[in-house]
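Asks: Task: produce atomic coordinates for the following.
(one chain, ligands or ions: 2)
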Amino acid sequence: MDGDKKPWDPSQLRKYDLNLEEIPRLHYKDPKIDEYIKENKPVVITESNIVKPAVQRWSLEYLERNLGHSGHTVFVSRNHKFKYYDEKKIYNRVSNTKGVEFTPPTRKVEMRIEDFMKRVKEWKKGDERIYLQQSLTTTVGNNIVEDFVKFDWDYVNGKQTKHNWGPLTSNLLFIAMEGNQTPCHYDEQENFFAQVQGYKRCILFPPSQFECLYPYPVHHPHDRQSMVDFERPDYNKFPKFKNVKGWEAVVGPGDVLYIPIYWWHHIESLLRGGPTVTVNFWYKGGPSTLEYPLKDHQKVSITRNVEKMLLEVLQDPKEVGPLLRSMVLGRYT
Ligand SMILES: CCC[C@@H](CC(=O)O)C(=O)C(=O)O
Ligand SMILES: [Zn+2]
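Replies: Ligands and ions are numbered 1, 2, ... in the order given. From the prediction side, this is the model:
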């Protein structure tokens with residue numbers, strides 16, 4: 001790659017009408033990284049050895065040979081969106097206050113890695129898309145385990161300890177087709193999002209923009225996901241989406257993006273960039289001491305608890321909205 005040639009160009013990014021700033025990129029030895037993490041702000045950590053063995057060795061061919069022959073979790077979508085849904089919340093098939101059936105936007109299948117790679121290679125426009133999302137556990141091959149143990153655990157464990165995070169809950173391996181998209185959502189975990197192969201565009205919003213991103217109700221299968229379709233935003237239903245202000249970074253091999261707990265993120269593999277490989281590190285949040293003023297993500301957590309409590313006592317999801325409206329409108333407005 002000659003000097004000034006960028007590894008990707010803007011034509012590989014889908015067009016959105018969003019007000020975005022660049023997420024800072026800091027060398028992994030820079031102490032300012034700890035200031036960002038302490039303030040729950042995203043930062044791209046560069047030149048680290050966090051997943052260096054994977055960056056060096058995990059080509060698609062290597063992964064096909066070494067990932068292991070058990071079935072791997074693969075999501076299938078009729079379009080480029082892979083919107084997460086919680087199967088456990090499709091309990092009474094009623095997914096919103098109008099009693100409409102919930103139709104899962106993707107389906108989950110178990111696929112052997114060679115079948116997955118074949119379908120990726122032979123994919124044609126109009127075919128269903130697939131997205132491998134597999135927890136890195138002992139079911140993977142020995143070479144992968146050897147690479148995994150050589151990740152820079154001192155570095156990530158050091159951050160976990162310094163910032164008083166909870167335990168590491170999982171490392172997920174993602175193998176995406178070019179153009180695959182995980183629509184805007186938040187997780188209740190701290191995340192080191194380590195890019196291994198290919199380039200991904202990450203668009204993030206702070207928890208304070210909760211009102212502009214219109215999350216589904218907590219009892220909905222799409223809990224934690226934004227209701228706004230970034231490609232065709234409905235400004236009548238979601239007027240405050242116009243005011244949203246976000247941060248973005250395109251991460252490439254070796255970059256590690258810190259996605260703070262409760263921060264919204266919309267992530268997509270670049271168009272025409274080939275398949276991408278990512279490993280994430282999800283940690284439970286630290287103990288949340290209630291210091292005033294409360295942090296924005298603590299307020300989001302409180303709203304979640306209110307919705308859960310109301311559903312628990314009212315039982316019928318259709319009653320939660322009307323009760324909240326009667327409580328607030330005309331009184332707290
Ligand atoms: C299943 C979620 C995958 C990931 C987004 C992506 O890489 O497509 C993400 O949202 C996260 O790591 O939290
Ligand atoms: Zn996520």
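
Asks: Tell me how far stretch 209-224 lies from the chain's centre.
Replies: 14 Å (Cα atoms, centre = their mean, to the nearest Å).

Asks: residues from this protein in reach of ligand 1?
Replies: 133, 174, 182, 187, 191, 193, 265, 267, 278, 280 (Cβ under 6 Å from any ligand atom). C-beta coordinates here come from the backbone N, C-alpha and C atoms, glycine included.

Asks: the strands in this structure, which residues?
Replies: Listed in chain order, the strands of the chain (DSSP state E) span residues 19-22, 25-27, 43-46, 72-77, 106-111, 129-135, 168-176, 181-185, 189-197, 200-205, 245-251, 256-259, 264-269, 276-284.

Asks: Would you mind listing the buried residues in the longest helix seen in the chain?
Replies: Ranked by residue count, the top helix of the chain under DSSP state H comes out as helix 296-314. Residues of helix 296-314 classed as buried: 296-298, 300-301, 304, 307, 310-311 (neighbour count, 16 or more other Cβ atoms under 10 Å).

Asks: Reformat the residues you listed as CSV; add pLDDT.
Replies: Supplementary listing: the buried residues of helix 296-314 in CSV, determined by pLDDT from 0 to 100:
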residue, pLDDT
296, 95
297, 95
298, 95
300, 97
301, 96
304, 97
307, 97
310, 97
311, 95
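
Asks: what bridges to the residue in the chain positioned nearest to ligand 1?
Replies: In the chain, the residue that lies nearest ligand 1 is residue 182 (3.3 Å; Cβ to the nearest ligand atom). The partner list for residue 182 in beta bridges (DSSP bridges) reads residue 267.

Asks: Can you name the residues that contact it?
Replies: The contact partners of residue 182, by Cβ atoms under 8 Å, 6 or more residues apart in numbering, come to 82-84, 265-268.

Asks: If we use 10 Å, what do you get?
Replies: Shown in contact with residue 182 (Cβ atoms under 10 Å, 6 or more residues apart in numbering): 75, 81-84, 131, 133, 174, 176, 200, 202, 225, 265-269.

Asks: ok, now residue 23?
Replies: 36, 41-44, 202-204, 246-251, 257-259.

Asks: Please name the nearest non-neighbouring residue to the spatially most central residue of the chain.
Replies: The residue lying closest to the centre of the chain (Cα atoms, centre = their mean) is residue 265, at 5.7 Å. Once flanking residues are discounted, residue 265 sits nearest to residue 204: 4.9 Å by Cβ to Cβ, 6 or more residues apart in numbering.

Asks: Much appreciated, bye for now.
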